[in-house]
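Visitor: Provided below are the primary sequence and the corresponding predicted coordinates.
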Amino acid sequence: MTVAGALAGWAADAAPILECENAVFEFGTVENTELVKHTFVIKNAGDKPLEIRSIRPTCGCTITDTKPRTVAPGLSTQIPVTLNLKGRRGRQIKNIVVTSNDPKRSTMQLRFDGTATSVIDVQPVSISFGVLPEGVLPPGKFTRTISVSTTRDEPFEITKVLSSRQLVDTEIKVIEAGKKYEVKVTAKGEAKQGVFRETLNIQTTSKAMPNISVPVIATVRGQLTIIPNILQLSSAIKTPQTRYITVRGNSVADFTIQSAECTCSEQAKITVQNKGRYGWRIVVRDITANKSLNGEKIIIRTNVKGKEVIEIPINVLAPYTANRPRVSAPRIVIPAPNTGKPTDVRITPVPTAPIIPVPAPVPVIPSSVK
């Protein structure tokens, strides 16, 4: 009995143990045109089979074998990983998350740690203008500088700088011919409320790095914040809908919504609510989505100079698009009382389900008739 009890206790305590002797791979300094490869070894140091349920890289630049696997007690499995450093600069820390049935350590992080270098050094690797004012930007006021220099004894030149959306002007300045340059970047034109995005393509004579991409970003904040800036309606909803528009002041301490109306006339009922420090809310009720509303607008009138009239376009969405899964209300067909004819019952919309026929009740035949 003592031996049996000991064996039972051992079986109860037995469990898989997830171990990796070298969970961090330090790859040092590598050219950013290279692939870094390494194989991690995972061991089951426990007494029960180890189930590796998932292997998940946290970056798209990391490729590994993600298939689940089972490791017997005392044995190991290999996880080969490849890190693509193309276009990356500076220190790189990339993790792979391993999930298992180890009761004490269900997840483990495998890590790549090192530095990516390049023939040409670019500082900074991205530009932020921070917060820009809404409207026409003053010429030359918002400017940033990019330093572009060689890290090898290989001379190069910047031949051209292109901007994807023409939201900035650029100027190339030679600091040391063949070795170091500066690119002056200036925001221009009219900044519209929301996110300001641009991408610079710095073209060089370097064979290793003929094109260098530098993202540019900023937040454009106007006198007022309007959410949403487009009133979206779904034509899949056939009943009248209610939508809300919120208007808040940024640089305007005191402002008033004087009126709000829809160019769609009597098709919508609009009310204006003062929510105090939360701004103003425009409630659009009883508006039914149909194609005729496309091109119509909600007109908001304020006391803010330059924002006396705000137009919110109405956009009626098609019920289903190629990139949106089809969703509809399933139909349950049941017999109508007394008639036996089927009737439809609509329920809350969920992913499309098949029509479920429910047979009509079968009359009960008395035993005496049988």
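Guide: Done, it's in. Numbers count the residues shown, from 1 in each chain.

Visitor: For stretch 23-35, which residues meet the burial criterion?
Guide: Buried residues in stretch 23-35, defined by neighbour count with 16 or more other Cβ atoms under 10 Å: 23, 25, 27, 30, 32. Every residue, glycine included, has its C-beta placed from N, CA and C.

Visitor: Could you measure from Ala177 over to Ile63?
Guide: From Ala177 across to Ile63, the span is 41 Å (Cβ to Cβ, to the nearest Å).

Visitor: Tell me which of the two has more neighbours.
Guide: Ile63 (15 against 9; other Cβ atoms under 10 Å).

Visitor: Verify the stated contact: that one with Pro80.
Guide: No: using Cβ atoms under 8 Å, Ile63 makes no contact with Pro80, being 9.0 Å away.

Visitor: now the protein, which segments are flagged as low pLDDT?
Guide: The model of the chain has pLDDT under 70 over residues 1-12, 265-266, 320-370.

Visitor: care to break it down by domain?
Guide: Structurally, the chain divides into domains by automatic domain parsing as follows: 15-117, 120-221, 224-317.

Visitor: How far away from the center of its chain is the longest one?
Guide: Put plainly, it is domain 15-117. 25 Å (Cα atoms, centre = their mean, to the nearest Å).

Visitor: end-to-end on that domain?
Guide: Domain 15-117 has an end-to-end distance of 44 Å (Cα to Cα, to the nearest Å).

Visitor: Number the residues from 236 up from this point.
Guide: Yep, numbering from 236; the last one is domain 250-352 now.

Visitor: mind checking which helix or strand the residue nearest to Lys427 when sequence neighbours are not counted is in?
Guide: In this structure, Lys427 finds its nearest non-sequential neighbour in Val455, 6.1 Å apart by Cβ to Cβ, 6 or more residues apart in numbering. Assigned by DSSP states H and E, Val455 falls within strand 446-456.

Visitor: Show me what that strand packs onto, helices and strands only.
Guide: Packing partners of strand 446-456 (3 or more Cβ pairs under 8 Å, 6 or more residues apart in numbering; DSSP states H and E): strand 355-358, strand 362-368, strand 429-439.

Visitor: for those, which one sits closest to Lys302?
Guide: When these are compared by Cβ to Cβ, strand 429-439 sits nearest Lys302, at 36.4 Å.

Visitor: got the angle for that closest one vs strand 446-456?
Guide: 160 degrees (axes from the mean of the first three to the mean of the last three Cα atoms, to 10 degrees).

Visitor: quick one: buried residues of strand 429-439?
Guide: Quick answer for strand 429-439 (16+ other Cβ under 10 Å): 431, 433, 435, 437, 439.

Visitor: for stretch 316-327, same thing?
Guide: 316, 318-320, 323-324, 327.

Visitor: now stretch 459-479
Guide: The neighbour-count check on stretch 459-479 (16+ other Cβ under 10 Å) flags 459, 461, 466, 468, 470, 476, 478 as buried.

Visitor: can you tell me which two in those are farthest apart?
Guide: Leu459 and Ser470 (29.7 Å).

Visitor: rewinding a little: would you convert the buried residues of stretch 316-327 into a markdown table that also reports distance to Thr386?
Guide: Listed next are those as a markdown table, based on distance: Cβ to Cβ, whole Å:
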| residue | distance to Thr386 |
| --- | --- |
| Val316 | 27 |
| Leu318 | 21 |
| Asn319 | 20 |
| Leu320 | 15 |
| Arg323 | 14 |
| Arg324 | 10 |
| Gln327 | 16 |
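
Visitor: The helices and strands packed on strand 446-456: which one's closest to Gly349?
Guide: Going by Cβ to Cβ, the one of the helices and strands packed on strand 446-456 nearest Gly349 is strand 355-358, 16.6 Å.

Visitor: what comes into contact with that closest one?
Guide: Strand 355-358 has contacts (Cβ atoms under 8 Å, 6 or more residues apart in numbering) with 324, 381-386, 391, 437, 439, 441, 443-444, 447, 449.

Visitor: from the middle of its chain, how far away would that strand be?
Guide: For strand 355-358, the separation from the chain centroid amounts to 28 Å (computed by Cα atoms, centre = their mean).

Visitor: Show residues contacting the helix or strand harbouring Val265.
Guide: Here Val265, judged by DSSP H and E, is contained in strand 259-266. Applying Cβ under 8 Å, 6+ apart, the external contacts of strand 259-266 come out as 271, 273, 275, 318, 320, 345-354.

Visitor: of all those residues, which comes closest to Arg400?
Guide: Closest to Arg400 out of the contacts of strand 259-266 is Ser353 (25.7 Å), distances taken as Cβ to Cβ.

Visitor: The buried residues of stretch 258-270 into CSV, with extra columns for distance to Val507?
Guide: CSV is the format used below for the buried residues of stretch 258-270 (distance: Cβ to Cβ, whole Å):
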residue, distance to Val507
Ala258, 59
Phe260, 61
Phe262, 61
Val265, 61
Asn267, 56
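
Visitor: Just give me the closest of those residues to Val360.
Guide: Asn267 (11.2 Å).
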